[in-house]
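[1] When you get a sec, could you give me coordinates for this:
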Amino acid sequence: METLRHIVLFVHLIGFATLFGAWAVEAFGGKKQITRLMHIGVTIAAVAGLALAAPWGLAEGHELNYPKIGTKLVILLIIGALLGIGQSRQRKTGEVPPVMFWGIGILTLVNAGIAVLW
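    Modelled structure (predicted):
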């Protein structure tokens, strides 16, 4: 069961890497647009993260950190909202507001930092 939990954790990290990698490519070499790959990354990270939040496959006496899970979930929902709103504005005007675009990258890094440091 622990091996399955590690596999789900690996998939969760792949989702984060996909989201952040797609954002970084657009930020430092692209047109600063929201891409479909960003949506795929946040979806993979969300589904795998919710699976990790379930209390299965834990070692004896180990408990989940619910405040950390709640904080990461709120940040993930904000990232998803920024992606959706930014995609809508991109379709209408042809560009994403810079605050939304940079907010996606910053919040993605904050979410990763919380995962590692908390």
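[2] Can you pull up the most central residue in this protein?
    Val42 (4.5 Å; Cα atoms, centre = their mean).
[3] Would you mind listing the buried residues in the helix or strand that residue falls within?
    Element membership for Val42 (DSSP states H and E) is helix 36-53. For helix 36-53, the buried set under the neighbour-count rule, 16 or more other Cβ atoms under 10 Å, comprises Met38, His39, Gly41, Val42, Ile44, Ala45, Ala46, Ala48, Gly49, Leu52. Backbone N, C-alpha and C define where each C-beta goes, glycine included.
[4] With respect to Phe20, which of the residues you listed is nearest?
    If you rank those by distance to Phe20 using Cβ to Cβ, Gly41 comes first, at 7.4 Å.
[5] Can you tell me how far the closest one is from Leu64?
    Remark: distance between Gly41 and Leu64 (Cβ to Cβ, to the nearest Å) = 24 Å.
[6] quick one: average confidence on stretch 100-110?
    The pLDDT scores in stretch 100-110 average 97.
[7] Go ahead and name everything in contact with it.
    Around stretch 100-110, the neighbours that count as contacts under Cβ atoms under 8 Å, 6 or more residues apart in numbering are 16, 19-20, 23-24, 26-27, 32, 34, 38, 75, 78-79, 82-83, 85-86, 89.
[8] Take stretch 31-38, keep the C-alpha atoms, and write them as CSV.
    Listed in CSV are the C-alpha atoms of stretch 31-38, where the atom choice follows Å, rounded to 0.1, in the frame of the first residue of the first chain:
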residue,chain,number,x,y,z
LYS,A,31,4.1,35.1,-25.4
LYS,A,32,3.0,34.9,-21.7
GLN,A,33,-0.2,33.0,-22.6
ILE,A,34,-2.1,30.4,-20.7
THR,A,35,-1.8,27.0,-22.5
ARG,A,36,-3.7,23.8,-22.4
LEU,A,37,-0.7,22.1,-20.9
MET,A,38,-1.1,24.3,-17.8
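[9] quick check: mean pLDDT across it?
    Stretch 31-38 comes out with an average pLDDT of 95.
[10] No further questions, thank you.
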